[in-house]
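# 3D, please:
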Amino acid sequence: MHSTQSGTPGPAKKSEERSALYAVTIFPLLILAAGVLGFVLPGAFAGLSGWVNPLLGIIMFGMGLTLTAPDFALVVKNPVPVVIGVVAQFVIMPLLGLLISWVLQLPAELAVGVILVGCCPGGTASNVVSYLAKGDVALSVAMTSISTLIAPFLTPLLAVWLAGERMDVSGTEMMLSILEVVLVPVLLGLVVRGLVPRVVVAVTPALPWVSVAAISVIVAIVVAGSAAAIVSAGLLVLLAVVLHNGLGYLLGYGAATLFRVPVSARRTTAIEVGMQNSGLATSLARTYFTPEAALPGAVFSVWHNVSGALVAAFLRRRSAARD
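Okay, the predicted model is just below:
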């Protein structure tokens, strides 16, 4: 769900904007429906657990296909907002995950899941949400790209530091796993775009739908494998996820405000910090812990799309009221 738009849309872009609005509205509904299906028909999805990593690889490959040289040029031309956003991403969300787990006294499996969500890079839907929220889309793409590229090194380091006593896994194993399902597909997507750019541009409009289909199946698989945990701890997990996501938005905006960046960059930073690559968290939890540990990632996948659409609508209305 990666937007290639990197400027302010003019009148010719109205149809594109309508399409983006439609997508960001439909995405959470489709993912929510997948979660319901996984819960109601667990037998249909429980045997597909081996698909989680390949599906995540497809999402990351699609992200790589959308990246262009100007996305990275922004980091060189105006690095301060990018650095602020990426640092906030890997400081605020991991510590929030740990704090929320402690305050809510979550069981070890769920605490690991929440902390893993916090240690992951920005979510791929954040670019569309930033666009709809009148944020700085070029900055959003740069932040997501950089946080994703450094995630193989920072995510396992943070996860082992904050949740090490709850996990029996080495940081090296986790790093290799993230390299396999995140970095390699992203780099492969970049290579393919360089080799056949016209073909990639032609298929770009379909990429968000491919991503949401993959995320929906991941959610259904995880929910199917965690049905019992949902019954016993569903509301507790939802509370943890809503707090994590909401405080991420608020603290991300606050961090950007401290450095007096433009309002559009503040909005983007809030969205980038609050929206996580929860598919990666789900994959790591299933691989290195238990199906129950993957539950916070699955719930986050649904909720941050819902909250992202609401935040975008709220900020867009604020912009319209000022104009």
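
# okay, residue 226: pLDDT?
According to the per-residue confidence, residue 226 scores 78 in pLDDT.

# so what's the residue count around residue 194?
Neighbourhood size, residue 194 [other Cβ atoms under 10 Å]: 11. From N, CA and C alone the C-beta is placed, and that goes for glycine too.

# do the same with residue 267
28.

# and for residue 32?
Neighbour count for residue 32, taken as other Cβ under 10 Å: 17.

# quick thing: my sequence starts at 44, can you match it?
Let's use 44 as the start, then, which means that last one is residue 75.

# what's the helix or strand for it?
In the assignment (DSSP states H and E), residue 75 maps to helix 57-83.

# now residue 124
Residue 124 is part of helix 122-146 when elements are defined by DSSP H and E.

# just how off-centre is that helix within its chain?
Averaging C-alpha positions (Cα atoms, centre = their mean, to the nearest Å) puts helix 122-146 13 Å from its chain's average.

# try stretch 267-285
19 Å.

# do stretch 283-297 as well
Computed by Cα atoms, centre = their mean, the separation of stretch 283-297 from the middle of its chain amounts to 13 Å.

# show me which residues of it are buried.
Applying a neighbour-count criterion of 16 or more other Cβ atoms under 10 Å, the buried positions in stretch 283-297 are 283-292, 294-296.

# now, which of these sits nearest residue 164?
residue 291 (12.8 Å; Cβ to Cβ).

# which SS state does the closest one fall under?
Three states are possible here, and by DSSP: H, G, I helix; E, B strand; the rest coil the one that applies to residue 291 is helix.

# OK, contacts around it?
The neighbourhood of residue 291, defined by Cβ atoms under 8 Å, 6 or more residues apart in numbering, consists of 135, 136, 139, 313, 316, 317, 318, 319.

# isn't residue 342 right up against residue 284?
Yes. If you go by Cβ atoms under 8 Å, residue 342 and residue 284 touch, sitting 4.8 Å apart.

# coming back round to it: what is the helix or strand just after the helix holding residue 124 packed up against?
Moving toward the C-terminus from helix 122-146, the next helix or strand (DSSP H and E) is helix 151-162. With contacts defined as 3 or more Cβ pairs under 8 Å, 6 or more residues apart in numbering; DSSP states H and E, the packing partners of helix 151-162 are helix 122-146, helix 180-206, helix 270-301, helix 321-331, helix 338-365.

# what lies in contact with helix 151-162?
133, 136-141, 143-144, 149, 197-198, 201-202, 205-206, 209-210, 272, 276, 279-280, 283-284, 287, 319, 321, 324, 327-328, 332-333, 335-340, 343.

# count of residues packed around residue 112?
By other Cβ under 10 Å, the residues close to residue 112 number 8.
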